[in-house]
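Novice: The sequence isn't on hand, but the structure is:
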């Protein structure tokens, strides 16, 4: 049998790799992350920067330093860098709160699972048996 017939050729391996669950999950994460970045950037540029501008009197996006003289002198736009840092911090903060909420919900679900009884007592011999048992393994009585 040739490699193409087995599906082990380059394209077969590539297809296997692409269709794995974790690769698809990663692709969805990248797409959602891109959309989330746009939301955070809009929050920063359209809402937070103007509010900070009221208190500080400065719009970060216009902060620049010209290095040298003349028309072709390089310009450092450090205001854009400050905006990018703020975007990063906001993104990290929002992700922190989302993960914290998910962990809290997950912990509550785990506690409910742990609180559920796993064992019960046989009504005849009083031995501990599995909660879903229909017959006692000790006295072989039928359980209701």
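Specialist: Arrived safely. Quantities reported herein were computed from a predicted structural model and do not represent experimental measurements.

Novice: So which residues of this protein form helices?
Specialist: Listed from the start of the chain, the chain has helices (DSSP state H) covering 3-6, 10-18, 21-42, 49-56, 78-115.

Novice: Including mean neighbour count and mean pLDDT, could those go into TSV?
Specialist: From N, CA and C alone the C-beta is placed, and that goes for glycine too. Listed next are the helices of the chain as TSV, based on neighbours: other CB atoms under 10 Å; pLDDT from 0 to 100:
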stretch	mean neighbour count	mean pLDDT
helix 3-6	10	50
helix 10-18	11	82
helix 21-42	11	82
helix 49-56	11	71
helix 78-115	12	83
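
Novice: For these, could you give me TSV that also reports distance to residue 66?
Specialist: Supplementary listing: those in TSV, determined by distance: least, CB to CB, whole Å:
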stretch	distance to residue 66
helix 3-6	61
helix 10-18	48
helix 21-42	26
helix 49-56	22
helix 78-115	12
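
Novice: Not counting its neighbours along the chain, what's nearest residue 48?
Specialist: Excluding the flanking residues, the one nearest residue 48 by CB to CB, 6 or more residues apart in numbering is residue 86, at 6.9 Å.

Novice: can you pull the contacts of the one you found?
Specialist: Residues near residue 86 by CB atoms under 8 Å, 6 or more residues apart in numbering: 44, 48, 49, 60.

Novice: List just the nearest of the residues you listed to residue 133.
Specialist: Of all the contacts of residue 86, residue 44 has the smallest distance to residue 133: 59.2 Å, by CB to CB.

Novice: I'd like the distance between the closest one and residue 103.
Specialist: When CB to CB, to the nearest Å is applied, the distance between residue 44 and residue 103 equals 26 Å.

Novice: Closest one of the contacts of residue 86 to residue 91?
Specialist: residue 44 (9.1 Å).

Novice: Correct me if wrong: the closest one contacts residue 85.
Specialist: No - Residue 44 lies out of contact with residue 85 (CB atoms under 8 Å); the separation is 10.0 Å.

Novice: quick one, phi psi at the nearest residue to residue 78 once chain neighbours are set aside?
Specialist: Spatial nearest neighbour of residue 78, chain neighbours left out: residue 63 (5.6 Å); criterion: CB to CB, 6+ apart. Per-residue torsions, residue 63: phi -80, psi 120 (degrees, to the nearest 10).
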